[in-house]
Structures are given as C-alpha cells and as structure tokens.
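A.B. asks: sequence-free structure coming up:
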C-alpha cells in the first residue's frame, strides 16, 4: 500500500513505497532539501526565540526541525568564602595551623573569655586541684586551651615536656635549700615549679603578656616564686639580688641566646653559675676548642668554664623545634682573666681577629685595627704567636698574651674611632 506525502515546503509529492530501503532514501532526500533551504536563508540555523516573545513555529523557518536541548546540569554548591582578612590578622598566631586547629583555637578562645569573666566576677582564677604535671602533653594542652593559647613561635617558645631533660637541668644546677635562682623565659612554669620546691627564692622573668596568666596559675601555690613581667635584657641583677650570689637556670629562647649570655656575664653582679638549654650548635660553639673556636666561644670561655652535660632531642618539646638542643653548665671563673682597660683591649683584638677569621691573624688585625703590619707583627712576636695562624686556631691563653703584648708595646698607636671595642654594638659575647 502506498500514500501521498507532501514535504513541508510544498515540493512535488513523491510516492512512498512501503519498503524500508525506499523510505530511507526518501528521508535522505528530505534532509538534503532542508539543508539547501537553510543555506539559502543565511548559512546558519535561526536561534530559538526567548520564551514569551513568539512561538517556536513563528520563529522557525519552514522546513527546519525543532531541536530539543538537554537541560543544563545542576550547579555544584559553592563552599562558603574564606575570611582572608581574619586569617591575615592572625597569621603570626596560626603560622602552620590547619582548619581543624583554627576551630579548636576559636573554642579555646571562647573558654578563655569565660575564664576571664569568672575571674572578674570572683576575683580568683580557676585552677585545677593539686600540682600540675606540665611535662604531660595532655595536661599542658588542656591548660593552654583553657587560656586560649598556643606556643608563640615569634618568642621562640618550645615548651619542655621531657621529665628526663628537666631532671638533667636540675641535677646540673646542683641546687640547695639556701640558693636563689633567676629563671629567664619562664613560659608556662614547667621549670619554675621544680625550682620552687628546691630553693628558697625563685625570680621568674617572662615577657609574653599572653602566657603570664598561665605562669601565675601554675606557680600560685608557691610563695617563694616572684614573677617579673619584663624583657630579660631590662633586668639588672643588682636590682633583684643586690650583691647576693645567685644562679641562673633557664631554657633560653633560641633567638636571644647570645644577647642573654652577654647581658648577664657582663653584669655588675653576674651569676655564680649558669645552667642553660640552648641549640646544640650554639652549645658546641660555646665549648669549642682551638681550631674551631669562634668569637662566641672565646667570649664565653673568657668569663666561664663551659661544658655540655646532656643532649636533648627535638621530641622533648612542644611544639618540637627543627633542631636538637643541649644543656650547658657555665661555672664562673674564680677570678677574671683581665679587668678594666685590659679586658676592653682583649675584646677589641678579638673582634678584629674574628672579623676575618679565615685570614692570617696578622692581616686580619692590621686591616681591622687599621695599624701598620710592623706594629701587629711586633705584638704577635712578643706573645709567641705565629703570624700566619688564623684566629680560630688561637687558644684563650694566646689571646691573653696578645692583649698583654699590645698593652706593653712602646708608643701604642692611637685607636681609630671606628675600630671595634668591647663596647661595640655587637658586644663582647656575640654569635657569628
């Protein structure tokens, strides 16, 4: 059976056979006809009109099929925007914190605000019953969270959590019940409370205003503890102890080790003994022997007899630093090697010699003191020092003899105004 079918453009009617092959050929001819009509219109299909403007039939040219476009895929929900200003404002506090740590910090800050509100109402801080074990990481974290804190890396705070290292410090200090102790950089008080149980007086110096409430809480039960909320470089031992002997015991902040040593070793009333925890590398420079001697080692050994008593791994701290540490005991010499003008001359020569420590000593001294080679050669000969040696190879006794030779030389040259002295900005105890 056949039927007559007119194309939509009014073209001649074509007989449609019932076979599938003939119907396929007919559909192919119809598509070809529609393509030719589309090319005549403008070479492109007419875009569908916007809904409400006109019907699809009116907008679509004759002979053009209606195209059905699939609906667009649903948009993925966007994450809430990050508060960049808030993160930047807290960048020093949250250096490497993750998002989870930030949330914990916010919760801790809220708890701290509640604690401060209770303090304002009752006048008493909320403290746990019984002494705290601050070497227990869980106890320490709860304590810090309660005050809304975390260790401040800008202050070099790496809190000691090793009971073994703490015991090594206390053993090296050889404390007695009549001792007075100065602790600088007290932090949370992990060392302070141990000192308070062994001596008659502990003066704890702490600059960080955020951690001071923690220190006051952990030491509140010890009446022998005095807290000085001040920069340790502003603390004068004579103002605290007068001329009474005392010991300095501390876990020194890494960034201020050399300045701390200089400040107290050169004080009017220096400590009788110092037991400090410092970076392992600094400890090795402090105790170095000729051949590896540095200006720091020479300066420390001028005042004290240092020795490393224990090594401390990074895991003994929270958070762990990227370096290992060491405990150093510095026993003050019974009598100074040089005093007054001789001491000043010693450090003037030392600064000049180590300014170019890889050069031969006669060149380094002459260049940095701006003196003739003949003058420097005379000093070295009088001191029995080979002029071609380097500063790092000279022993402490060599520097003392060189100082005495320079002071005894006839007609000493006038010192240039810019020549280094013991009162130079670097100080006598300095790290390279």
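C.D. replies: Everything's here; your move. Keep in mind it's a predicted model, so treat the numbers as computed, not measured. Numbering: from 1, shown residues only.

A.B. asks: which parts of stretch 314-333 are buried?
C.D. replies: 316, 317, 318, 324, 325, 326, 327, 328, 329, 330, 332 (16 or more other C-beta atoms under 10 Å). All C-beta spots, glycine's among them, are computed from the backbone N, C-alpha and C.

A.B. asks: any idea which of those residues is least confident?
C.D. replies: Of all the buried residues of stretch 314-333, residue 318 has the smallest pLDDT value, namely 90.

A.B. asks: so that residue versus residue 288, what's the distance?
C.D. replies: Going from residue 318 to residue 288 by C-beta to C-beta, to the nearest Å gives 30 Å.

A.B. asks: residue 263 touches residue 234, doesn't it?
C.D. replies: No. Checked against C-beta atoms under 8 Å, the pair residue 263 and residue 234 is beyond contact range at 9.3 Å.

A.B. asks: higher neighbour count, those two?
C.D. replies: Comparing residue 263 with residue 234 by other C-beta atoms under 10 Å, the one with more neighbours is residue 263, at 20 against 11.

A.B. asks: residues contacting that one?
C.D. replies: Going by C-beta atoms under 8 Å, 6 or more residues apart in numbering, residue 263 touches 232, 233.

A.B. asks: and residue 169, how far is that from residue 300?
C.D. replies: From residue 169 across to residue 300, the span is 18 Å (C-beta to C-beta).

A.B. asks: more neighbours, these two?
C.D. replies: residue 300 (26 against 23).

A.B. asks: so where is this structure shaky, pLDDT-wise?
C.D. replies: The chain contains residues with pLDDT under 70 at 1-24, 32, 34-68, 78-130, 151-156, 411-432.

A.B. asks: all strands of it, in order?
C.D. replies: Secondary structure of the chain by DSSP state E: the strands cover 3-5, 14-16, 159-160, 180-184, 201-205, 225-228, 247-251, 273-279, 304-312, 317-318, 325-332.

A.B. asks: which strands and helices sit next to the last one?
C.D. replies: In terms of contacts (3 or more C-beta pairs under 8 Å, 6 or more residues apart in numbering; DSSP states H and E), strand 325-332 is packed against helix 163-173, strand 273-279, helix 280-286, helix 295-303, strand 304-312.

A.B. asks: now render those as a markdown table, adding distance to residue 186.
C.D. replies: Formatted as a markdown table, these follow (distance: least, C-beta to C-beta, whole Å):
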| stretch | distance to residue 186 |
| --- | --- |
| helix 163-173 | 13 |
| strand 273-279 | 13 |
| helix 280-286 | 20 |
| helix 295-303 | 23 |
| strand 304-312 | 18 |
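
A.B. asks: which one of these lies nearest to residue 202?
C.D. replies: Distance to residue 202, taken as C-beta to C-beta, is lowest for helix 163-173 among those, at 11.7 Å.

A.B. asks: and that closest one with strand 304-312, angle?
C.D. replies: Interaxial angle, helix 163-173 versus strand 304-312 (axes from the mean of the first three to the mean of the last three C-alpha atoms, to 10 degrees): 160 degrees.

A.B. asks: name the helices or strands packed onto helix 163-173?
C.D. replies: helix 192-196, strand 247-251, strand 273-279, strand 304-312, strand 325-332.

A.B. asks: wait, which of those is closest to residue 259?
C.D. replies: Of all the helices and strands packed on helix 163-173, it is strand 273-279 that lies closest to residue 259, at 12.3 Å by C-beta to C-beta.

A.B. asks: partners of that closest one, with directions?
C.D. replies: Applying DSSP bridges to the sheet, strand 273-279 is found paired with strand 247-251 (parallel), strand 325-332 (antiparallel).

A.B. asks: where along the stretch 301-432 of the chain do the helices fall?
C.D. replies: Assigned by DSSP state H, counting those that start in this stretch, the stretch 301-432 of the chain shows helices spanning 341-354, 361-369, 373-383, 396-408.

A.B. asks: okay, buried residues for the longest one please.
C.D. replies: Looking back up the chat, that one is helix 341-354. For helix 341-354, using 16+ other C-beta under 10 Å, the buried residues are 343, 344, 345, 346, 347, 348, 349, 350, 351, 352, 353, 354.

A.B. asks: make a markdown table from those and add distance to residue 225 to it.
C.D. replies: Putting the buried residues of helix 341-354 into a markdown table (distance: C-beta to C-beta, whole Å) gives the following:
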| residue | distance to residue 225 |
| --- | --- |
| 343 | 35 |
| 344 | 38 |
| 345 | 42 |
| 346 | 38 |
| 347 | 36 |
| 348 | 41 |
| 349 | 43 |
| 350 | 39 |
| 351 | 39 |
| 352 | 44 |
| 353 | 44 |
| 354 | 40 |
